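Trainee: What shape does this take:
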Amino acid sequence: MTEARKPYDANTALLSHFPEAVRGSLHLIEKNGLNEVGVAVTNFVASFVHPDFVCNLADFQHVDHDVKSAVLEFFQYCLDEGMSVETQGQILAWITPYLERQGMPRAS
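Mentor: Reported below is the predicted structural model:
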């Protein structure tokens, strides 16, 4: 997971200020919007960046391997490297529009 690569054909300019290990998950959110994968990944990421959000890991049981790999890379980054409060805030700001489209209230 540490190999350098362009994450899932993501718009690297848009996501370049985020750690590489989280870009795959963010791209999946951007790419999938309100479908099953988009909602699952959005909830997963939100649960790492704000204490008011939770996710159901069972949502990933039937998703494609590339989705599982991106989520696992995000999770491993959080465990190994840790995510600064600043990075958490940046990610929360980035995913807020996706959360609002799901009908979630704005995080405070």
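Trainee: which residues of the protein fall in helices?
Mentor: Taking DSSP state H to define them, one finds helices in the chain at 12-15, 20-32, 36-49, 65-80, 85-101.
Trainee: out of those helices, nearest to A58?
Mentor: helix 36-49 (9.4 Å; Cβ to Cβ). From N, CA and C alone the C-beta is placed, and that goes for glycine too.
Trainee: Does the closest one pack against any helices or strands, and if so which?
Mentor: helix 20-32, helix 65-80, helix 85-101 (3 or more Cβ pairs under 8 Å, 6 or more residues apart in numbering; DSSP states H and E).
Trainee: Please name whichever of those helices is nearest to V54.
Mentor: Using Cβ to Cβ, these put helix 85-101 closest to V54, at 12.5 Å.
Trainee: Show me what counts as buried in the closest one.
Mentor: T87, Q90, I91, L92, W94, I95, Y98, L99 (16 or more other Cβ atoms under 10 Å).
Trainee: Residues touching it, excluding its own?
Mentor: For helix 85-101, contacts defined as Cβ atoms under 8 Å, 6 or more residues apart in numbering pick out 17-19, 22, 26, 29, 33-34, 38, 42, 45-46, 48-50, 53, 83, 106-107.
Trainee: hmm, back to that, rebuild the buried residues of helix 85-101 as a markdown table, extending it with pLDDT and distance to A58.
Mentor: Below are these laid out as a markdown table (pLDDT from 0 to 100; distance: Cβ to Cβ, whole Å):
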| residue | pLDDT | distance to A58 |
| --- | --- | --- |
| T87 | 95 | 27 |
| Q90 | 96 | 28 |
| I91 | 97 | 23 |
| L92 | 96 | 24 |
| W94 | 95 | 25 |
| I95 | 95 | 21 |
| Y98 | 94 | 20 |
| L99 | 94 | 20 |
